[in-house]
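Participant: Pasting the sequence and the predicted model now:
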Amino acid sequence: MLLSELFAVPGLRGRALRPMPETGIDRVCDNSRIVKRGDLFVAVRGMVSDGHDYLFSAYESGCRAFVVQEEKILLPEDAFVYQAEDSREALALLSARILGDPAKDLTLIGITGTKGKTTTALMLTEILCRAGINAGYIGSNGVRYGDVALPDTKNTTPGSLELQTYLAAMAAHGVTHVVLEVSSQALYLKRVFGLTFPVTVFTNLAPDHIGGAEHPTFEHYKACKRSLFFEYGTRAVIYNADDPHAPDMLPPGVRNVSVSLGGRGDYTASAIRFEKREGYLGVGADCRLGEKSRALSLRLPGKFNVWNALAAIAAAKELGVEEDASLSALASVTVKGRFECVPLADDRYFVIDFAHNGLALRSVLAALKEYGPKRLVCLFGSVGGRTRGRRRDLGDAAAEACDLAVLSADDPDFEPPEEIIADILPSFEGSSCAVVSIPDRREAIRWTVEHSRPGDVVLLAGKGHEDFQLVRGKRLPFSEREILLESAPLLSGAAIS
């Protein structure tokens, strides 16, 4: 694409600092380590590094076209330089332009909130696919469309260049609808800038991702979430009527569809039932879906999954899928790493979840207590080298709710797991919860399976859908589901029949 055609993208704000040559551009790039001749390099200020520091490195690699945000850029005279008012916005728009604006052929559904994004998004994707709609998914559990299943992305919502690349691949594959988890960071850092989301979902809002390189305040976090509903062309908002922040997420002049477990919504549930069957913890409810009364049955535990299901059903309705078809699709849905039951025995239950902070762990443990376990067991650790503040919160949550805690590694990276465990252990002083420390997570899982008892509900928290463990800078293969299945012969009671 000619440089002049590329920069004719609508909405681009800035000015060329030098005359624009009639030269071709093969690719937009924001990584100086892979940039080459024929690329346009966009310098973005990151949370850790600044692309402006690598302009000369990109030039030495053969690049001669640049987008910057800073004013004084002293690149050689043969380099074209465009100064953008916001280089993150520019990266999003130019990435879409050079890839043929793939989103123009796609219906995007954006889901945001503190909790529930992944489960709701995957439920909705499954509903659409079973209804004959060629739908894709992008979020914490990776990228999925057709027969393609890519591992988890680095971020819940990928950077704009990576995101546009996925959208282009989906459009080429015949995908018509994309369900996208939209994180607050994605909105803050303009990763979805320029996209339109006709249907959006608000799950809930609670203090999280505050401080450090994330959001400076809760109000900033909330404002970023809110922008999805006011600035991205939505025509219908599915929202949690039970959340006190919901009124702030509802723009005027669009269709608002309320979902509630408290009886005040367009889609509501009552008579919620906690079910145990064939190694699975499930949940059922009597639902009012618009004008219809129907029964819901899920192979996922937890009252909040009833809300997730209702939100997915409501969103699907906005996209033309009738409620009965959605209910049928949801009856057999499970979500990898999100309250995922791994059936090993008829008389005890093993659950994998991504809960990796105190708020999430408390919520998951409270939901599991609803099933009346003889013992509630939790195996967990914490990430090494960062998020030290989470460790005491995690420990407190387990110490208050569990009968047995097994402390182990999570993603220790360069920090010894023993040191991480030492930060968690004080939570159990004076607690009635028994505690065992086994730093090697694989051995910890095997020990927990071997020492499980009839009636136990066992939670493996923190890793969820991830199929790796970060150790000393390397991603080593690690699947908790596979380790559980391999450990089944160690069970002291009846195996699954």
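Facilitator: Looks like it arrived, so ask away.
Participant: who are the neighbours in contact with the nearest residue to residue 98 once chain neighbours are set aside?
Facilitator: Spatially, and ignoring its direct neighbours in sequence, residue 98 is nearest to residue 28 (5.1 Å; C-beta to C-beta, 6 or more residues apart in numbering). From N, CA and C alone the C-beta is placed, and that goes for glycine too. Contacts for residue 28 were tallied using C-beta atoms under 8 Å, 6 or more residues apart in numbering; they are 6, 39-40, 42, 91, 94-95, 98, 161.
Participant: Could I get the phi/psi values of residue 28?
Facilitator: Torsion angles at residue 28 (phi, psi; degrees, to the nearest 10) stand at phi -100, psi 140.
Participant: Local confidence estimate at it?
Facilitator: In this model, residue 28 is scored at 97, pLDDT.
Participant: tell me, how many neighbours does residue 479 end up with?
Facilitator: Residues contacting residue 479 under the criterion other C-beta atoms under 10 Å number 17.
Participant: Would you mind measuring from the closest residue to it other than its chain neighbours to residue 270?
Facilitator: Closest residue to residue 479 apart from its sequence neighbours, by C-beta to C-beta, 6+ apart: residue 467 at 4.8 Å. Relative to residue 270, residue 467 is positioned 38 Å away (C-beta to C-beta, to the nearest Å).
Participant: So between the two, which is more surrounded?
Facilitator: The neighbour comparison of residue 467 against residue 270 (other C-beta under 10 Å) goes to residue 467, with 17 against 12.
Participant: check contacts around the residue most central in space within the chain.
Facilitator: The centroid of the chain falls nearest to residue 140 when counting by C-alpha atoms, centre = their mean (3.1 Å). Applying C-beta under 8 Å, 6+ apart to residue 140 gives the contacts 117-118, 152-153, 156, 181, 354, 465.
Participant: swap the cut-off to 10 Å and go again
Facilitator: For residue 140, the contact set (C-beta atoms under 10 Å, 6 or more residues apart in numbering) comprises 117-119, 121-122, 152-153, 155-157, 181, 183, 337-338, 354, 464-466.
Participant: Show me the protein divided up by domain.
Facilitator: For the chain, automatic domain parsing gives the domain ranges 3-98, 102-330, 340-490.
Participant: so where's the stretch 51-200 of the chain shaky on pLDDT?
Facilitator: Under the criterion pLDDT under 70, the flagged ranges of the stretch 51-200 of the chain are 152.
Participant: related to what we said a few turns ago, now, the contacts of residue 28 that are in helices?
Facilitator: Judged by DSSP state H, helices contain the following of the contacts of residue 28: 6, 91, 94-95, 98, 161.
Participant: Out of the residues you listed, which is nearest to residue 404?
Facilitator: Comparing these against residue 404 with C-beta to C-beta places residue 161 closest, at 46.0 Å.
Participant: how deep is that closest one tucked in, by neighbour count?
Facilitator: Number of residues near residue 161 (other C-beta under 10 Å) recorded here: 22.
Participant: Test my guess that it contacts residue 31.
Facilitator: Yes: counting by C-beta atoms under 10 Å, residue 161 does reach residue 31; the two are 8.7 Å apart.
Participant: quick one: contacts for residue 426?
Facilitator: Taking C-beta under 10 Å, 6+ apart, one finds 391-392, 395-396, 399 in contact with residue 426.
Participant: could you redo the last one with a cut-off of 8 Å?
Facilitator: By C-beta under 8 Å, 6+ apart, the neighbours of residue 426 are 392, 395.
Participant: So it belongs to a strand, correct?
Facilitator: No: Residue 426 is assigned helix when assessed by DSSP: H, G, I helix; E, B strand; the rest coil, not a strand.
Participant: My guess is residue 89 contacts residue 190. True?
Facilitator: Yes: with contact defined as C-beta atoms under 8 Å, residue 89 counts as touching residue 190 (5.3 Å).
Participant: shared neighbours of those two, anything?
Facilitator: In contact with both residue 89 and residue 190: no residue, using C-beta under 8 Å, 6+ apart.
Participant: What ranges does this structure have for its helices?
Facilitator: Going by DSSP H, the chain shows helices at 3-6, 55-60, 87-98, 117-130, 160-172, 184-188, 218-231, 304-318, 323-330, 358-369, 389-401, 417-424, 441-450, 480-487.
Participant: can you list those in JSON lines and add distance to residue 145?
Facilitator: Formatted as JSON lines, the helices of the chain follow (distance: least, C-beta to C-beta, whole Å):
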{"stretch": "helix 3-6", "distance to residue 145": "27"}
{"stretch": "helix 55-60", "distance to residue 145": "32"}
{"stretch": "helix 87-98", "distance to residue 145": "18"}
{"stretch": "helix 117-130", "distance to residue 145": "9"}
{"stretch": "helix 160-172", "distance to residue 145": "5"}
{"stretch": "helix 184-188", "distance to residue 145": "19"}
{"stretch": "helix 218-231", "distance to residue 145": "22"}
{"stretch": "helix 304-318", "distance to residue 145": "17"}
{"stretch": "helix 323-330", "distance to residue 145": "17"}
{"stretch": "helix 358-369", "distance to residue 145": "28"}
{"stretch": "helix 389-401", "distance to residue 145": "33"}
{"stretch": "helix 417-424", "distance to residue 145": "37"}
{"stretch": "helix 441-450", "distance to residue 145": "32"}
{"stretch": "helix 480-487", "distance to residue 145": "22"}
